[in-house]
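**Q** Test case, fold it:
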Amino acid sequence: MKRISLKLALLTMTLMLSGCMMQKPTVKNYQKVSRMDNLTPVTVEQLRLMIAADTTHYKVVVLTSSCCGPCLMSMRDVYPRKMAECDTSQVRWYFVETDYSTAQYMDKVFKAYNIDSPRYWIDDTLPQYRPLMVKNMWTVVWNMIWNYGKSFEELGLEEADGRLNNIVNAIAPQHQTITGPNGTPTTLMLDPKGRMKCTYVIDGSGNTTFEPTDIRDITVPVTELDYAKVDTLRYAPKICTPDGKCD
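**A** Numbering: from 1, shown residues only. Model prediction:
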């Protein structure tokens, strides 16, 4: 009975999500997004070259998803404010949808939050950048229900391992490998010399990652950051009680 209840709960969750994320990583949706004239597909290498070629502006690259809650909050509360701090003669913004499966919603999101900027989406067939794609989304639903707990590979699906990290390290190579980004939104801030602002992030367990500095963590305009310095952001350690509760 417990296994049946778990499957029913998973099915309910899947159907609730199907309006945005769950039904979209399909060949059909890829073809739909490819036909949208207002969205520009770019490979990771094309994106790197485009950013590297601009040696007169500060650059902010926003790796985002139109179906990601924190991304939408940043679209509403962060990016318009940071864009207003410096005019376009100083800073250029690149909004890049990391996955074709949600790119079709970009226009709606940009209109809702009054953001006027070119829209890109990553269209790359190299193995290290490959997104999740299936012929029929119901295949995913079926496999998730009857093979709960298995990995993408075990379910017969393919997606690049560490895809976002691979993309960030390719776009803005650093003296040290970026190890931190594990989701959207991820922002890359670069000065005209191509130096990216980075941060050592130490979590509550003492683990350290080397990450692009999150624009949500800065208190000065992009043009006033010290790009030669790597900052350190330390989170307070978790305090756990004997009953297993942690703050």
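
**Q** going forward, measure contacts and count neighbours with C-alpha atoms only.
**A** Noted.

**Q** Let me see the contact set for the residue most central in space within the chain.
**A** In the chain, the residue lying closest to the centroid (Cα atoms, centre = their mean) is residue 184, at 2.8 Å. Counting by Cα atoms under 8 Å, 6 or more residues apart in numbering, residue 184 makes contact with 63, 64, 65, 68, 70, 71.

**Q** So residue 113 is in contact with residue 78, correct?
**A** No - the pair residue 113 / residue 78 is not scored as a contact, 10.6 Å apart, by Cα atoms under 8 Å.

**Q** low pLDDT regions in this protein?
**A** Counting by pLDDT under 70, the chain has low-confidence residues at 1-24, 135-144, 147-159, 237-247.

**Q** all strands for it, in order.
**A** Assigned by DSSP state E, the strands in the chain fall at 40-42, 58-64, 91-97, 119-122, 186-190, 198-202, 208-212, 231-234.

**Q** which of the contacts of residue 184 tops the neighbour count?
**A** Taking other Cα atoms under 10 Å as the neighbour criterion, residue 65 ranks highest of the contacts of residue 184 with 28 neighbours.

**Q** Cross-check the contact I'm expecting between that one and residue 95.
**A** No - counting by Cα under 8 Å, residue 65 does not reach residue 95; the two are 9.7 Å apart.

**Q** Tell me how many other residues surround the closest residue to residue 223 other than its chain neighbours.
**A** Computed as Cα to Cα, 6 or more residues apart in numbering, the closest residue to residue 223 that is not its neighbour in sequence is residue 58, at 6.8 Å. Residue 58 has 24 neighbours, counted by other Cα under 10 Å.

**Q** you'd agree residue 58 is up against residue 89?
**A** No - look at residue 58 against residue 89 with Cα under 8 Å: they stay out of range, at 9.3 Å.

**Q** quick revisit: among the strands of the chain, which comes closest to residue 51?
**A** Of all the strands of the chain, strand 58-64 sits nearest to residue 51, with 7.4 Å by Cα to Cα.

**Q** Pull the distance from stretch 48-66 to the chain's centre.
**A** In this view, stretch 48-66 has its centroid 14 Å away from the chain centroid, taken as Cα atoms, centre = their mean, to the nearest Å.

**Q** what's next to it, contact-wise?
**A** 71-72, 89-99, 102-103, 105-106, 109, 170-172, 184-194, 222-223.
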